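**Student:** Next comes the sequence, and after it the predicted model I'd like to discuss.
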Amino acid sequence: MNIAQKIHADRRLVRLWGLFRDGLPSVGRYQRYFKILGPVIGSIWILTALYLIVVPRSYTSQFSLILPGSGVGSSINVESIGQAQGTSNSAFASPTLSPTENYKQLLTADVTLRAAARLAHESEDAFPVPTIKLVDQTNLISISISANSAAAAHRRAMALQEAFVEELTALRADEAKKREDSDRARLSELSDKVKTAQRKLIEFQASHGLATLEQFNSRIASVDTLRDKERDLRVQMRIQGGTASRLSGTLGANPGGANVIMRLKGDPVFAELAQRYAAASADAQLKAGTLGPQHSARAQADAESAQLRLALVRRGQELTGLSEQALLRQTDLQVGDGRSNLMQAMSASDAQAAGTRSALAELHGDLARARADAPQWILQAQQLADLQRDQRVTEAVFSSALARLDTNKQDPFASYPLVQVLAAPSLPKAPSSPSVIIALAGALAATFMTLLAFGLLWLRQPILRRMLQSA
């Protein structure tokens, strides 16, 4: 097995020697190859050297920005007034919108570059467009900008950063102003609604005399109060009427007669005449029983009794206006103090019953009017409740909108997220271009490709000859 491998290796060496032996060029071919290969390789390295020497040095300053990814929220709840709640979601919550891409466009926007050029004291047309790189899976923005010196590159980076922040601040201020103008217009509209609701409520209260629902409740309660009072007066009137009727039956006189008797008894002239008439009448009846009709003493007693009766009737008619028979009957009913007290009680009970009867009649009228007005009161109460509810709702909405106007100002980063400088603009220590390593690597690669090409040209004749022999 080792002998076979050795024979195979010998054959390969023989074939390789034959290839070089048959393909050895002439001396002129060597010269032609060196004349062509030398200038080509020389030009490669000369161009590389010229590139490193002639091309101006370029310095690149870099800085990085980061965007925090959280949202904020706030809520204000004022008792009896309303609630205002403000929430701003994370700017990265939307799958279709990228704040980093927005900021990339803002960094390369013409307005930002012009502002940066003014800050750097350069021509606006000469200020270069920065190189922006968005780092995947992060909220980082990497910015690079070049200049012909390290100081100029650093100055441009600082100017670009400042211009970007200024433009971002201007955008936030413009958004806040437009939102505030919109909110204030809405507040003006809500204020008009509050004033309208208040005016309607006040006009209703003034025209209907109903200020609060408590007043309506008191009106409804007054109906029950009148009903209870009517029942009490009815019972009281029955008691007073029953007392007067009982005393009238006991005394044998009605309340009207008792009043007449009390009036006659209260007159001292009538009382004196009644007393004298009673004595004269008794004396005349006594003499009539013992003396004859023609007796002078009897006649004198009868005449005296008649005169006193006439004077008594005349005085009684002056006091009461009653007829003679009625007046004499009332005179016969006059008694002592005990009966007089009962008559006074009967008169008082009758007077109280009359007063209670009048009060009850007036109360019946008030109760009837209250019952008739009750449906209207209910309708007015419903209207008042609706107006009060409208006023409370408009005031709550107005107060909430007013509070929301302040809460919206608490987060100026809702539309344009907060951006922070992760790495400040750097001061380059070495030029970024031309790169010596890249230039040398390119020259070496070009040299290798040239040698490879000329090597293939060198081997083309033996290869072609063997192909022709095989054919």
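**Tutor:** Arrived safely.
**Student:** Is Ile239 in a helix, a strand, or coil?
**Tutor:** The three-state label given to Ile239 by DSSP: H, G, I helix; E, B strand; the rest coil is helix.
**Student:** State the pLDDT value of it.
**Tutor:** Looking at Ile239, its pLDDT is 70.
**Student:** Could you report the separation of it from Ser207?
**Tutor:** The gap separating Ile239 from Ser207 is 45 Å, by CB to CB, to the nearest Å. All C-beta atoms are positioned from the backbone trio N, CA, C, and that covers glycine.
**Student:** How about Ala441?
**Tutor:** For Ala441, the distance to Ser207 equals 98 Å [CB to CB].
**Student:** The two - which one has more neighbours?
**Tutor:** Taking other CB atoms under 10 Å, Ala441 and Ser207 do not tie; Ala441 has more neighbours (12 against 9).
**Student:** To which secondary structure element type does that one belong?
**Tutor:** Following three-state DSSP, Ala441 is assigned to helix.
**Student:** domains for the chain, by residue range?
**Tutor:** 28-55+434-471, 216-386 (automatic domain parsing).
**Student:** Which of these has the lowest mean pLDDT?
**Tutor:** Among the domains of the chain, domain 216-386 carries the lowest mean pLDDT (a mean of 65).
**Student:** for this protein, what spans make up the helices?
**Tutor:** Assigned by DSSP state H, the helices in the chain fall at 2-23, 27-54, 99-107, 110-119, 150-208, 213-251, 255-266, 268-290, 296-320, 324-333, 337-407, 436-458, 460-470.
**Student:** Show me which residues of stretch 165-175 are buried.
**Tutor:** By 16 or more other CB atoms under 10 Å, the buried positions in stretch 165-175 come out as 167-168.
**Student:** what comes into contact with it?
**Tutor:** By CB atoms under 8 Å, 6 or more residues apart in numbering, the residues outside stretch 165-175 that reach it are 103, 106, 109, 111-112, 115, 412-413, 415-416, 419.
**Student:** if we go to 7 Å?
**Tutor:** The contact list for stretch 165-175 (CB atoms under 7 Å, 6 or more residues apart in numbering) reads 106, 111-112, 115, 412, 415-416, 419.
**Student:** Isn't Thr450 up against Val40?
**Tutor:** Yes. The criterion here is CB atoms under 7 Å, and Thr450 meets it with Val40 at 5.4 Å.
**Student:** which regions of the stretch 1-150 of the chain lie under the pLDDT threshold?
**Tutor:** Residues of the stretch 1-150 of the chain meeting the criterion pLDDT under 70: 1-30, 69-96.
**Student:** Repeat the analysis, applying 90 as the threshold.
**Tutor:** Where the stretch 1-150 of the chain drops to pLDDT under 90, the residues are 1-60, 67-102, 122-126, 135-139, 146-150.
**Student:** Tell me who's in contact with the residue nearest to Gly442 when sequence neighbours are not counted.
**Tutor:** Distances taken as CB to CB, 6 or more residues apart in numbering put Thr48 closest to Gly442, at 6.9 Å, once the chain neighbours are dropped. For Thr48, the contact set (CB under 7 Å, 6+ apart) comprises 439, 442-443.
**Student:** Now, of those, which are buried?
**Tutor:** 439, 443.
**Student:** Distance check, Thr196 against Ala396.
**Tutor:** Using CB to CB, Thr196 is found at 15 Å from Ala396.
**Student:** Please say which of these two ends up with more neighbours.
**Tutor:** The neighbour comparison of Thr196 against Ala396 (other CB under 10 Å) goes to Ala396, with 16 against 13.
**Student:** Any figure for the gap between that one and Leu464?
**Tutor:** According to CB to CB, Ala396 and Leu464 sit 99 Å apart.
**Student:** and if you look at Pro417?
**Tutor:** Pro417 is 70 Å from Leu464, where distance means CB to CB.
**Student:** Have a look at those two and say which one is more surrounded.
**Tutor:** A count of neighbours by other CB under 10 Å puts Pro417 above the other of Pro417 and Leu464, at 21 against 11.
**Student:** what pLDDT does the more buried one get?
**Tutor:** On pLDDT, Pro417 comes in at 85.
**Student:** That one and Leu67 touch, don't they?
**Tutor:** Yes. Between Pro417 and Leu67 there is a contact at 5.0 Å, judged by CB under 7 Å.
**Student:** for stretch 200-213, what is the average pLDDT?
**Tutor:** The pLDDT scores in stretch 200-213 average 77.
**Student:** quick one: buried residues of it?
**Tutor:** 201, 204-205, 210.
**Student:** any chance of those in TSV, plus distance to Ser433?
**Tutor:** What follows is the buried residues of stretch 200-213, written out as TSV (distance: CB to CB, whole Å):
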residue	distance to Ser433
Leu201	79
Phe204	84
Gln205	85
Leu210	89
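**Student:** for those residues, which one is nearest Arg392?
**Tutor:** Leu201 (10.2 Å; CB to CB).
**Student:** contacting residues for the closest residue to the closest one other than its chain neighbours?
**Tutor:** Leaving aside its chain neighbours, Leu201 sits nearest to Leu387 (4.4 Å; criterion: CB to CB, 6+ apart). Leu387 makes contact with 200-201, 204, according to CB under 7 Å, 6+ apart.
**Student:** Which one of these is nearest to Leu456?
**Tutor:** Checking these against Leu456 with CB to CB, the nearest one is Lys200 at 101.8 Å.
**Student:** Without its sequence neighbours, what residue ends up closest to the closest one?
**Tutor:** Per CB to CB, 6+ apart, closest to Lys200 is Leu387, 5.7 Å.
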